[in-house]
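# please work out how this folds:
(chains A, B and C)
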Amino acid sequence: MTIEIKNLNIYFNEKTKLQAVNNLSFNVKKGEIMGLVGESGCGKSLTSLAIMRLLRKNASFSGDINFLGENLLNLSAKEMTSLRGREISMIFQEPLTALNPLHRVGKQIAETLKIHTSLSKKERKEKTLELMNEVNLKDLEDTYKKFPHELSGGQRQRIVIAIAIACEPQLIIADEPTTALDVSTQTQIIDLLKKLNNKKDHSLLFISHDLDLVGDLCHRIAIMYAGHIVEIIEKLKDAKHPYTKCLLDAIPSPLHKGKDLYSIPGRVPTLSERKSGCPFAPRCPMAKEKCHEILPELLEKKDGHLVRCLYIYR
Amino acid sequence: MENILEIKNLKKSFGNSNFFKSKKSKIAVDNISFEIKKGEIFGLVGESGCGKSTTGNLISKLLNIDEGEIIYKGKSINGLKGQELKNMRKNIQMIFQDPYHSLNPKKNIGWILMEPLIIHDLYSKDERRKKILDMLDIAGFDESFLDKYPHELSGGQRQRVAILAALMCEPDFVIADEAVSALDVSVQAQILNFMKKLQNKMGLTYLFISHDLNVVYYMCDRIAVMKDGKIIEIDGAKNLYHNPKHPYTKSLLQAIPGRSK
Amino acid sequence: MNIKVKDHNLIIGGVILMFLLFIMGVSFFYLPHSVTEINTKLKLSPPNFSYLLGTDNFGRDILSRLMKGSQTAFLVGIISVGIGSSMGVLLGAISGYFGGKIDEFIMRITDAMMAFPGILFALMFISVFGVGIENTMIAIGIMSIPTFARITRSGFLREKELEYIKAARVRGASNFRIIYHHILPNVLSPIIVAATMSFSNAILAEAALSYLGLGVQAPNPSWGRMLSESQMYFMIAPWYTLAPGIMISLTVLSLNMLGDFLREHQKR
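Below is the predicted model of the structure:
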């Protein structure tokens, strides 16, 4: 187990204690690509920031985040800083803002090496070129000297990935890494991530709102809704939770041609609107009275398949 | 079915002419032609930078064309100015991508929906209010929405208001420029269903611009694929999806993740 | 907008300004003594029961003159900000909205205006058109045009590209409608902040010009004039200098604090 999150709660605002993430528990195994999927406001990005301890000051949290045996929430700021980039690294959505526009890209990769390793300047340059090759960049010497705005979106994202893998981390968190990219570039980046994961055996936590994408790439998928994980599955077609199924029915695919898409009534509740009971109950087509009162547990119903619902697999 | 819109040899490039040397111009739309039949949903799909949004802006006359012709219901709308241009705007409307910036934050929904009626001087004062309420009803909103401000609404609600605002003058032709791209999946479904409902109710023709092939395939009757300012392929949606002819179309379809494979 | 204890800018600035406005309000109806009556026997007397802040070198009541002076100060502030903001916003709106050559032209003019030291301009203006309160207000107003123009222009440049503007254009809205109904309401925030700051600058500028003898003319009271006239008596009658000095400081301070508060609480 590379990382195990237990009962993570994230709150905002000392006074009102609005809860953004509720009792979140999941784990990511070594070498596994774990998908964290949900719509905006579900808390998936917050979870990743919590792991990296990059939440804003007005957020408070509780729970355990066990990374390779150590609880990240107990580490000092200094220890955490040394961990970031070296053992856990992150790939963000928008490569243009993730890279410093004033520095050449090669230098930015080398900088990570400078911070976390004791390689000499020459060795750093060599390793950087090596990394750039691994992420399938071409014309290495030339590209090394370029500035971020001189590269395409796909190339920039590759640089970001190169920085992320530079120190051979155990865990990479990718937060919507392909959302800002074209469809064909997206495929290339996904293939790249697959290849790297195979080769290096790190764990990859892949956060996205795109169910189909995650279904393609990930070994396991955790679906979040309103701060809770509602289901963890290995294949999308095995999905049983009403929310997951509603989502699958709402996404246009060739199977839907000519029919109406399923439109989930209502909308995602804001932080202050969340009530007790199952978070999805107000909008669930299968909801019964009990659903509004009791928050179901996330239970393992079948091998590797966890569902948070009172009425599935009954 | 007759053509409601015909595009002929449309060209548009962007160059920089300033005090210093003008930079090399970029050709955004490179000699494209196509027709849209009345009542159909015509999809224009391609990756970013292919010129699809520019095409939409040219047809709605937010941008001026360099060369070519745009023919609406048999008449050219190229050189329209003044009152004629304003009249055209009653018939050709547009919906935009970003629900968070497509409504004036300082005006309430009632004002936003009233404005097109005032600009084009439609209906009497009493009829206007009724018309607005009727439109709100189609979207499932009640009278209380008139006093609300955009920041009080969710993304999906805002997009619905934006669509209503575009339809206040009962246009025949609506350009949807990435109208659902910035929305969550479940909201996207709502808006797509809403757009179809409106098409049936009001007899609209849509030009549906998007980078998302799945959405375009789902919504559209015919699809044109664009790349680097040119139209690569036009075909009926089902045909294009299952029997793509051009290698670029094939590669786009290949790149779609998931269940479509 | 909830007001918290931390908002000291609003509270302190607001209280001081209310106090000053109160004094000004009262001055329209009641003044303890005549503002212009000369009484040489009482000249330079220290604060006492009947003359709460003492008398000046002509035996005139300082408090009454101070109160009347507040009317001048606020009048100058309002008129000059009015001139500066209306012209400035208009120029900035046209410049920002239409862009191109118009924009370049207007911007070069405002650049030239900004490069010129404000007070110097006011001096030149007054020497050409004559002294007095009216020309003072106009000169100060003109000085503030570039600031308003720039702020308005940058607001327009920013908003112009947003989708609700494109939507308005596509609906058939005229340029005027877009400028007035759509963009202007959304750029008001920084303009209002600039107005508060300009107001306090105007008061300072008027004080400076009056100090130099160019603004408000005798025997009309103006804080700046009072400062100037009191200078030579400072050692023997400090209250004469302190009174207008403190008034100017308090007014400028309160306006700046309010301006800071508004700036911190701007949306976007």
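
# C-alpha only now, for contacts and for neighbours.
Noted.

# A:Trp4 and chain B: what is the separation?
No Trp there; residue A:4 is Glu. Computed as C-alpha to the nearest C-alpha, to the nearest Å, the A:Glu4 to chain B distance reads 28 Å.

# ramachandran angles for that residue?
A:Glu4 has phi and psi values of phi -130, psi 120 when expressed as degrees, to the nearest 10.

# just the pLDDT for A:Asp142.
Looking at A:Asp142, its pLDDT is 91.

# secondary structure element holding the residue nearest in space to the middle of chain A?
Centroid-nearest residue in chain A, with C-alpha atoms, centre = their mean: A:Ile207, separated by 2.6 Å. Applying DSSP states H and E as the criterion places A:Ile207 in strand A:203-208.

# what does that strand contact?
Strand A:203-208 is contacted from outside by A:2, A:28-38, A:44-45, A:170-176, A:197, A:214, A:218, using C-alpha atoms under 8 Å, 6 or more residues apart in numbering or on different chains.

# which residue packs closest to the residue in the stretch 51-200 of chain C positioned nearest to chain B, ignoring adjacent ones?
Chain B sits closest to C:Tyr164 of the stretch 51-200 of chain C, with a gap of 4.0 Å, by C-alpha to the nearest C-alpha. Leaving aside its sequence neighbours, C:Tyr164 sits nearest to B:Ser102 (C-alpha to C-alpha, 6 or more residues apart in numbering or on different chains; 4.0 Å).

# just checking, next helix/strand downstream of the longest helix along chain C?
The longest helix of chain C (DSSP state H) is helix C:62-98. Using DSSP H and E, the helix or strand that follows helix C:62-98 in sequence is helix C:100-115.

# got the angle for that following helix vs helix C:62-98?
Orientation check (axes from the mean of the first three to the mean of the last three C-alpha atoms, to 10 degrees): helix C:100-115 against helix C:62-98 gives 150 degrees.

# buried set for helix C:100-115?
Neighbour-count burial for helix C:100-115 flags C:Asp103, C:Ile106, C:Met107, C:Thr110, C:Met113 (criterion: 16 or more other C-alpha atoms under 10 Å in any protein chain shown).

# try stretch A:95-103
Neighbour-count burial for stretch A:95-103 flags A:Pro95, A:Leu96, A:Leu99 (criterion: 16+ other C-alpha under 10 Å).

# what mean pLDDT does that stretch have?
Averaged across stretch A:95-103, pLDDT comes to 88.

# please apply the same query to stretch A:5-18.
Stretch A:5-18 comes out at a mean pLDDT of 81.

# any part of it near chain C?
No - shown here: stretch A:5-18 not in contact with chain C (C-alpha under 8 Å from any C-alpha of the partner chain), separated by at least 14.6 Å.

# show residues contacting that stretch.
Here stretch A:5-18 makes contact (C-alpha under 8 Å, 6+ apart) with A:19-27, A:58-66, A:271-272.

# buried ones among these?
A:19-27, A:59-61, A:63-66, A:271.

# which ones among those lie within strands?
Secondary structure from DSSP state E places A:19-27, A:59-61, A:63-66 of these in strands.

# among these, which two are most distant?
Based on C-alpha to C-alpha, the longest span within these runs between A:Asn27 and A:Ala59 and measures 22.5 Å.

# quick revisit: avg pLDDT for the longest helix of chain C?
Across helix C:62-98, the average pLDDT comes to 91.

# now swap in stretch C:132-144 and tell me
Stretch C:132-144 comes out at a mean pLDDT of 89.

# does any bit of stretch B:34-54 sit next to chain A?
Yes - using C-alpha under 8 Å from any C-alpha, we find that stretch B:34-54 touches chain A at B:Glu47, B:Ser48.

# pull the residues that contact that stretch.
Under the contact criterion C-alpha under 8 Å, 6+ apart, stretch B:34-54 has outside partners A:182-183, B:1-8, B:28-29, B:63, B:177, B:199, B:203-213, B:216-217, B:219-230.
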